[in-house]
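Undergrad: coordinates for the following, if possible.
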Amino acid sequence: MANADCKKLLPKIKQASDFILGINYPYWYNVGQIETESNCTWKTSLDGWGSIGYAQLTEKFLPWLKEKFPNWKIQGHIDHFMAQAYLIKQLLHQAYCQKLWNVYQCYNRSCWKVNREAQNAECEWRKAFGLCEEKYAENICVWKQGNKCLQWRTSCDINYNYGYKVWRNGIKYREGIIEKTYRYW
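TA: Purely as a prediction, here's the structure:
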């Protein structure tokens, strides 16, 4: 079921996607990504990196943010959505596979790591996930209480489930449109 907060953001996300990525880009995955990142609510993350907003953009890793989109930190401003679309456009050129799962997983994790797995798995998501778990998994504490970790997940589980969640969340907003130019899987 579509998230009411995401539905309110959809016109700006689509506008930014159409302008930066073109009208053939399946903008609904950008909506799905924002739902995955923040449940379509404006917030500052406690991730330690200072990620901000609906799309959880991180200035430390995106030096172009201030210059290209000066109002990206203002809640609801189109610059925030333009910055998300601009980053997706950059990642489209960096992803090894021309499949959107690869692009969105690059958004969530180092693209060279995602590309290493994608290339060795011939761009098949399940094979790449398995390869990651087999060779490159790192344990990450995802729930901490004081100095004690209560729950661990692998970096692979986090990232590959992220790509799946973006797809699952995104397709709710496609409004009967079928993507022709871009493939997710």
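Undergrad: number of residues surrounding the closest residue to Ala95 other than its chain neighbours?
TA: Distances taken as Cβ to Cβ, 6 or more residues apart in numbering place Asn102 nearest to Ala95, at 4.2 Å, with adjacent residues excluded. Where you see a C-beta, it was placed from the backbone N, CA and C, and this is true even at glycine. Asn102 has 25 neighbours, counted by other Cβ atoms under 10 Å.
Undergrad: just the pLDDT for Asn102.
TA: Asn102 is assigned 97 on the pLDDT scale.
Undergrad: in what helix or strand does it lie?
TA: helix 100-108 (DSSP states H and E).
Undergrad: wait, what's in contact with the residue nearest to Ala95?
TA: Ala95, Tyr96, Val114, Asn115, Ala118, Cys123, Gly163 (Cβ atoms under 8 Å, 6 or more residues apart in numbering).
Undergrad: looking at those residues, which is nearest Lys43?
TA: Gly163 (21.7 Å; Cβ to Cβ).
Undergrad: pull the distance from the helix or strand containing that closest one to the chain's centre.
TA: Assigned by DSSP H and E, Gly163 falls within helix 155-170. Helix 155-170 sits 9 Å away from the centroid of its parent chain (Cα atoms, centre = their mean, to the nearest Å).
Undergrad: quick one: find the helix or strand in the protein with the lowest mean pLDDT.
TA: strand 139-145 (a mean of 86; mean pLDDT, DSSP states H and E).
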